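J.: Mind looking at a prediction? Sequence and model below.
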Amino acid sequence: MDFLATIGLGHYLVISAILFGLGLFAIVTRKNAIVVLMGVELILNAANINLLAFSKYNGGMEGVMFSLFVIVLAAAEAAIALAIIINIYKTFNTVDVSSIDSMKE
Amino acid sequence: MTNTTYTVIFYLFAAITVFSAAFVVFSKNVIYSAFSLLFTFFGVAALYVFLSADFIAVTQIIVYVGGILVLLLFGVMFTNRIMMTDLKTDVLNIVPGFILLLAITGGLIYTFLARADWYTGTVQLQGSVVEKIGFETMSRYVLPFEMASILLLLALIGAAFLARFDKSRNMNDK
């Protein structure tokens, strides 16, 4: 009960573990490429929560700076991944990742 | 703010984050997933505020909600012909997926809470972190900062190049 009442490092780690598991589940089970991308975003958010939680309870600034760079890279990754998905859709007329099985048209 | 209200608000935002993330994953409709992801991002931003990283929270809202989520919605709209297909998405590997979900989450929580003995510093981050981010960006992290800006520029040029309107192929389709 005492663990539940006072918010500590463990709470944030539990939330990030759940988000990571859900993101992995989306990547493994969904067939739509865009939902797979959403799973990747969930995993990046879980990593960010971990970095910021460790940074807060350690008193340093390293985690904060790393999470800032993670957000920048997530933006770049989302733009590139969407461009690739649109190209896949132009070529195959589907975004179903399990039916895309050739490297050329 | 008393300690009890702090705890209650924390659990509220934690519940919003976790349940909307679960809805993203388990919903069959891609549009519902995308809009549920909005609540996940807002919940995570609120958790960042609890971690006294206010600048990161605002950046999260601007970049994720204003940028990435709109991009994802554009992707959904582009890749589903609105009138022809329903926006449902199939699932595969459902049983291995559940086993992986439970094993990874349970294992991580067990490791984080029971096995790991985290070192916590004597001082925690307090108050606003904006000024410190400014100092760090311009002193220790100036090279990664510039590299991130170049990478972002290259990535956006590459994305615009990849997704550009291809006239010849489009003519053939029609």
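T.: Perfect, thanks for sending it.
J.: And the residue lying closest to residue A:96 once chain neighbours are set aside, what's its pLDDT?
T.: Distances taken as Cβ to Cβ, 6 or more residues apart in numbering or on different chains place residue A:31 nearest to residue A:96, at 5.0 Å, with adjacent residues excluded. Bear in mind the C-beta positions are built from the backbone N, C-alpha and C, glycine included. pLDDT, residue A:31: 83.
J.: Around residue B:11, how many other residues sit close by?
T.: Number of residues near residue B:11 (other Cβ atoms under 10 Å in any protein chain shown) recorded here: 13.
J.: just the CA coordinates of the helix or strand containing it, formatted as PDB?
T.: For residue B:11, the host element (DSSP states H and E) is helix B:3-26. Output of helix B:3-26 as PDB, limited to C-alpha atoms (Å, rounded to 0.1, in the frame of the first residue of the first chain):
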ATOM      1  CA  ASN B   3       0.300  14.600  -1.700                       C
ATOM      2  CA  THR B   4      -3.000  12.800  -2.100                       C
ATOM      3  CA  THR B   5      -4.100  15.000  -5.000                       C
ATOM      4  CA  TYR B   6      -0.700  14.600  -6.600                       C
ATOM      5  CA  THR B   7      -1.100  10.800  -6.400                       C
ATOM      6  CA  VAL B   8      -4.600  10.800  -7.700                       C
ATOM      7  CA  ILE B   9      -3.700  13.000 -10.700                       C
ATOM      8  CA  PHE B  10      -0.700  10.800 -11.400                       C
ATOM      9  CA  TYR B  11      -2.900   7.700 -11.500                       C
ATOM     10  CA  LEU B  12      -5.500   9.400 -13.600                       C
ATOM     11  CA  PHE B  13      -2.900  10.300 -16.300                       C
ATOM     12  CA  ALA B  14      -1.300   6.900 -16.000                       C
ATOM     13  CA  ALA B  15      -4.600   5.200 -16.600                       C
ATOM     14  CA  ILE B  16      -5.400   7.500 -19.600                       C
ATOM     15  CA  THR B  17      -2.000   6.600 -21.100                       C
ATOM     16  CA  VAL B  18      -2.200   2.900 -20.600                       C
ATOM     17  CA  PHE B  19      -5.800   2.400 -21.600                       C
ATOM     18  CA  SER B  20      -5.600   4.500 -24.700                       C
ATOM     19  CA  ALA B  21      -2.400   2.700 -25.700                       C
ATOM     20  CA  ALA B  22      -4.200  -0.600 -25.300                       C
ATOM     21  CA  PHE B  23      -7.100   0.800 -27.400                       C
ATOM     22  CA  VAL B  24      -4.600   1.800 -30.100                       C
ATOM     23  CA  VAL B  25      -3.300  -1.800 -30.200                       C
ATOM     24  CA  PHE B  26      -6.500  -3.700 -29.900                       C
END
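J.: Buried residues in the lengthiest helix in chain A, which are they?
T.: In chain A, taking DSSP state H as the definition, the longest helix is helix A:62-92. Under the neighbour-count criterion of 16 or more other Cβ atoms under 10 Å in any protein chain shown, helix A:62-92 has A:63-72, A:74-86, A:88-90 buried.
J.: any low-confidence regions in the chain?
T.: In the absence of a named chain, chain A is used. Along chain A, segments meeting pLDDT under 70 span A:1-2, A:104-105.
J.: Actually, chain B is the one I wanted.
T.: Counting by pLDDT under 70, the ranges of chain B that qualify are B:1, B:81-90, B:165-174.
J.: what separates the residue nearest the centre of chain B from chain A, distance-wise?
T.: For chain B, the residue nearest the mean C-alpha position is residue B:41 (5.7 Å; Cα atoms, centre = their mean). Relative to chain A, residue B:41 is positioned 7 Å away (Cβ to the nearest Cβ, to the nearest Å).
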